[in-house]
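**Student:** Fold the following, please.
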Amino acid sequence: MSSDPRHRLGRLGEQLAAEHLLERGFVIVERNYRTRWGELDIVAFDGRTLAFCEVKTRRLAPGDGHPFEALRQLKRSRVRKMAGRWLIDRTERPYAEVLRFDAIGVTFDPAGRLTDIEHLEGAF
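**Tutor:** Numbering: from 1, shown residues only. Alright, predicted model coming up:
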């Protein structure tokens with residue numbers, strides 16, 4: 001694992017997001033799928049819905065922006081491309097009635113304590 005504190009914080013946020021999904025009845029199908037457009041954070045399945053989850057983790061001080069502010073149009077477009085590539089590459093994937101793009105925001109306070117996990121289903 002990287003020694004960069006931002007990288008460690010991002011990985012911790014992804015782990016907490018995966019645990020959040022498990023608690024809600026999802027199975028984690030894949031994590032950190034790499035493509036030429038970037039990395040797809042989490043692919044999860046609940047028996048009906050295949051969710052491509054983009055996780056944004058922030059350590060926020062008062063007045064800082066929300067983690068979802070980083071989900072601009074270019075990022076959403078890249079996540080869609082990565083999901084398309086995953087669907088092509090993973091022929092042994094579960095059948096899903098619904099494909100969905102979710103955003104999960106994980107927020108820590110300046111001392112590093114978890115303050116919030118927000119799951120936005122169908123974010124884009």
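**Student:** how distant is the longest helix that the chain contains from the center of its chain?
**Tutor:** When the chain is parsed with DSSP state H, its longest helix is helix 5-23. Helix 5-23 has its C-alpha centroid displaced from the chain centroid by 9 Å (Cα atoms, centre = their mean, to the nearest Å).
**Student:** How about stretch 102-121?
**Tutor:** 11 Å.
**Student:** how long is that stretch end to end?
**Tutor:** The straight-line separation of the ends of stretch 102-121 (Cα to Cα, to the nearest Å) is 5 Å.
**Student:** Give me the contact list for it.
**Tutor:** Residues outside stretch 102-121 that contact it (Cβ atoms under 8 Å, 6 or more residues apart in numbering): 9, 12-13, 16-17, 20-21, 24, 42, 51-61, 66-68, 71, 100, 122-124. To be clear about C-beta, it is placed using only N, CA and C from the backbone, and glycine gets the same treatment.
**Student:** returning to that earlier point: which parts of the longest helix of the chain are buried?
**Tutor:** For helix 5-23, the neighbour count (16 or more other Cβ atoms under 10 Å) marks 9, 10, 13, 14, 16, 17, 18, 20, 21 as buried.
**Student:** now residue 64: how far from residue 58?
**Tutor:** To residue 58, residue 64 is 7 Å away according to Cβ to Cβ, to the nearest Å.
**Student:** oh, I was asking about residue 73
**Tutor:** 20 Å.
**Student:** Between the two, tell me which one has more neighbours.
**Tutor:** Neighbour totals were compared for residue 73 and residue 58, and residue 58 leads with 22 against 8 (other Cβ atoms under 10 Å).
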